[in-house]
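Novice: have a look; sequence and predicted model below, questions after that.
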Amino acid sequence: MPIAAATPLAYALVARIAAEHSVRILAIKGPLLEKMGLRSKKISSDADILVEPSRMSEFCAILEKYGWNDREVRFSPSILDPHSRTLIHANWPSDIDVHSYFPGFFGKADEVFDLLWETRIEGELANVPVPTASRVANAVIALLHVLRNSPAAEDNVQHAEIMAALKRDMEPAEFQALVRLADVGRVRRVLEEELRELGVAGPFDDLDSVELARWKINRTSAEATTGGWLYAIRTAGWKAKIGIFFRALHPSNEELRKDPGMADANHLEMVRTRAKRLARGIRTLPAASINLFRNRVN
């Protein structure tokens, strides 16, 4: 089954399973952005699902009964709180990313989800109706996605497409919904530039110093991985710092084999991977260190 067909079908499958088990889920991102006129055509390799936070583990366990299991990935510390699980199926070419909340929202996860659920619409994927976050909500989520790390060229293009679409045809009701989501989701500071462009009035100081610092570190790190390790070392207790440092410097072979294409790597390939990883860490260490110093977190 081609990815272009598999991803919409994955959304439809999840929606049906959730309905059968009375779990509230919302389809977000991916092909929905095209249908809503928020981005140009692009094949999505995974289905992004937002689930009511209190039932995240339960719903993933339900999906496991249908053959969906966690993708094994090498451990890498995150500056922002863990928020999603990537599920794969042996007979399905696309993944399912299940989110309990979306990074960039600093409001309470359950309150944010309740608002997104209240303002949901019925979308259609693979000719099947699915509960979907509203157009404004999907736009905000997509903007948070492209802004949470140092942007690539593709991210800049998508950011421009979303902003152009919102400026072009946002209805008054959508504008009010945007303001409400900005308040409940506490994204005024994170999306200050975008909200100002769209005509939203201040204030924009809805984050405390620690929250803002964590976002800035994640947002501006030359390499999110290097920044994540430095942040983990800095915020860990003294006894844990050494262990984290050596895990960052020299992960086990078992950990490295979780990387894509590394499952059957031989000794020489392992050595090359370690050398490339070390070189990348050395190259990005100065910028990541400066970034962490500028955005001190107590």
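Specialist: On my side now, so go ahead.
Novice: which SSE is the closest residue to residue 40 other than its chain neighbours in?
Specialist: The shortest distance from residue 40 to any residue other than its chain neighbours is 6.3 Å, reached at residue 161 (CB to CB, 6 or more residues apart in numbering). All C-beta spots, glycine's among them, are computed from the backbone N, C-alpha and C. Using DSSP states H and E, residue 161 sits in helix 153-169.
Novice: which elements pack onto that helix?
Specialist: Judged by 3 or more CB pairs under 8 Å, 6 or more residues apart in numbering; DSSP states H and E, helix 153-169 is in contact with helix 135-147, helix 192-197.
Novice: mind listing what's buried in it?
Specialist: Residues of helix 153-169 classed as buried: 158-159, 161-163, 165-166 (neighbour count, 16 or more other CB atoms under 10 Å).
Novice: cool, stretch 185-196 as well?
Specialist: Result for stretch 185-196 [16+ other CB under 10 Å]: buried residues 185-192, 194-195.
Novice: check stretch 265-276 too.
Specialist: Neighbour-count burial for stretch 265-276 [16+ other CB under 10 Å]: 265, 273.
Novice: surely residue 140 meets residue 191?
Specialist: Yes: assessed by CB atoms under 8 Å, residue 140 is found in contact with residue 191 at 7.1 Å.
Novice: mutual contacts of the two, please.
Specialist: The contact sets of residue 140 and residue 191 overlap at residue 182 (CB atoms under 8 Å, 6 or more residues apart in numbering).
Novice: all strands of the stretch 1-150 of the chain, in order?
Specialist: In the stretch 1-150 of the chain, the strands defined using DSSP state E, counting those that start in this stretch lie at 25-28, 46-51, 68-70, 84-89, 92-99, 121-125, 128-132.
Novice: right, and those - which one's nearest residue 107?
Specialist: Proximity to residue 107 (CB to CB) singles out strand 46-51 among the strands of the stretch 1-150 of the chain, at 13.8 Å.
Novice: roughly how far is that closest one from the heart of the chain?
Specialist: The chain centroid and the centroid of strand 46-51 are separated by 10 Å under CA atoms, centre = their mean, to the nearest Å.
Novice: relative to that strand, what are the paired strands and their orientations?
Specialist: strand 25-28 (antiparallel), strand 92-99 (parallel) (DSSP bridges).
Novice: circling back: from the buried residues of helix 153-169, which is closest to residue 215?
Specialist: Of these, the one sitting nearest to residue 215 (CB to CB) turns out to be residue 159, at 16.4 Å.
Novice: the closest one contacts residue 143, correct?
Specialist: Yes: using CB under 8 Å, residue 159 makes contact with residue 143 at a distance of 6.7 Å.
Novice: what is residue 87 paired to in the beta sheet?
Specialist: Going by DSSP bridges, residue 87 forms beta bridges with residue 70, residue 96.
Novice: that one against residue 63, yeah?
Specialist: Yes: with contact defined as CB under 8 Å, residue 87 reaches residue 63; the gap is 5.9 Å.
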